[in-house]
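S.K.: quick one, what's the 3D model for this:
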Amino acid sequence: MKIAHVFIRMPVGGAEDLMGDILRTAPAGTEMRIVCLQELGKVGEALRDQFPGQVELLPWVSGKRFRFGAVLKLAKWLREQSVQIMHTHVYNAHVYGVLAARRAGIPAVMHHHKTYATMRWRRKLVLRALSHRTAAHITLSAQTRADLCRAFGIAPERVRVFINPMDEDTFHPAADRAALRQSLGLNATTPLIGTVAALTPPKNHLLNVTMTVKLNQLGFAGRFLAFGEGGERTRIAEAAQQQKLVNFELMGSRRPIAPWLQALDVFTLGSTWEGQPLALLQAMACELPIVASRIEGNEAVLGPEHPALFEVSDATAYAATVCRTLNDATFRSAVLAHQRRRRSELPTLRDYSRNLAEFYQTVLAGSVTENQPR
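M.R.: Purely as a prediction, here's the structure:
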């Protein structure tokens, strides 16, 4: 069974990281290929080095303008490579992938990593049209599944829920945090708060700046490390400079990210919206106490009763919760205990890959049916 996953590019992001996990754990008999239509991006380059022959750059899309010629070339490539299913992950890839799959005569699967609450109406119209030309859909939660069916008029039995998996092979507590910090050039005793999130508006990094100011006012003597890249880097850096923050640091995209996570004392995610963030799953696997905004995507991972959730616009509560997590051993233990219980309810990466391969078989058989979240 040969599956092609199409992207325009693969920068650092949750969907892109998930693809690396899928390539590593695909069961025997399931061949995964990745195609980037514009550029590989940081993750794509790393995956091409790690999985020779499974990641290809086919640079048929230049700029943002739609290129129908790229659809024709991709359809021809699918036929030549004997691909049996097209799996798409992000908006532009949905457009090219679904149309190319239709022309090649193979089924397409649209994987929806985001909610549709704030989507622009033109994109919604395009996705609605594509969704009815797609064999099956994947969402990250039952709520997103319901939203998708309502927004696009899709029959529920055509949508499967696949909760993002826990990769405990790569992400786990450090055996020796002091030695790890030393290897990364970090002080062994300085408190470290950190987040892993693209530098884009939905990730709400300006709130992190304000929170760090308030945290410093509470006596914080450590560092806030923000891992990620994006279009808002200059704006965020200027905001930190205006506040004269010397302990708020933009760390860029560090690969691999696991050692940097293992070195933290507290992990935060203050996004205004998320699908189902892999960064939270990775932090949980590293047994880091998490402080996160109370939004649907974060609650889908952590559970609505997680002790360290804060309202997304409340920087004061954010800082107070971080401070308490860092300094109150009883509260920190309660947060970690909750996360351990939650981890036991989530799928492992190998379970996820096996279930995904079984799902592909149902797509090929034309027998996709309604299921419960996995």
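S.K.: how about stretch 306-314: buried residues?
M.R.: Using 16 or more other Cβ atoms under 10 Å as the test for burial, stretch 306-314 gives 306-310, 312, 314. All C-beta spots, glycine's among them, are computed from the backbone N, C-alpha and C.
S.K.: how far away from the center of its chain is it?
M.R.: How far stretch 306-314 lies from its chain's middle: 20 Å, per Cα atoms, centre = their mean, to the nearest Å.
S.K.: quick one: contacts of that stretch?
M.R.: 204, 207, 270-272, 289-295, 298-299, 302, 317-318, 321, 324-325, 331, 334-335, 338-339, 342 (Cβ atoms under 8 Å, 6 or more residues apart in numbering).
S.K.: which residues touch stretch 71-86?
M.R.: Contact with stretch 71-86 is made by 1-4, 6, 33, 35, 37, 58, 60, 96-101, 103-109, 360, 363-364, as judged by Cβ under 8 Å, 6+ apart.
S.K.: ugh, wrong one, I meant stretch 353-368
M.R.: Against stretch 353-368 from outside (Cβ under 8 Å, 6+ apart): 1, 3, 21-22, 25-27, 29-30, 84-85, 107, 109, 135-136, 138, 157-158, 160, 162, 165, 347, 369, 374.
S.K.: now that stretch: average pLDDT?
M.R.: Averaged across stretch 353-368, pLDDT comes to 91.
S.K.: and if you look at stretch 23-36?
M.R.: 94.
S.K.: same deal with stretch 131-142?
M.R.: pLDDT averaged over stretch 131-142 gives 91.
S.K.: distance from it to the middle of the chain?
M.R.: Its chain's average C-alpha position is 18 Å from that of stretch 131-142, according to Cα atoms, centre = their mean.
S.K.: list of residues touching that stretch?
M.R.: With contacts defined as Cβ under 8 Å, 6+ apart, stretch 131-142 is touched by 98-99, 102, 107-113, 145, 148, 152-154, 158-164, 275-276, 296-297, 300, 359, 362-363, 366, 368, 373.
S.K.: CA atoms of that stretch as CSV?
M.R.: C-alpha atoms of stretch 131-142 as CSV (Å, rounded to 0.1, in the frame of the first residue of the first chain):
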residue,chain,number,x,y,z
SER,A,131,-14.5,18.1,0.9
HIS,A,132,-17.3,16.6,-1.3
ARG,A,133,-14.6,15.3,-3.7
THR,A,134,-12.7,13.6,-1.0
ALA,A,135,-13.1,9.9,0.1
ALA,A,136,-12.6,10.5,3.8
HIS,A,137,-11.6,13.1,6.4
ILE,A,138,-9.5,13.0,9.6
THR,A,139,-10.0,15.4,12.5
LEU,A,140,-8.1,15.7,15.8
SER,A,141,-11.1,15.7,18.1
ALA,A,142,-14.8,14.9,18.3
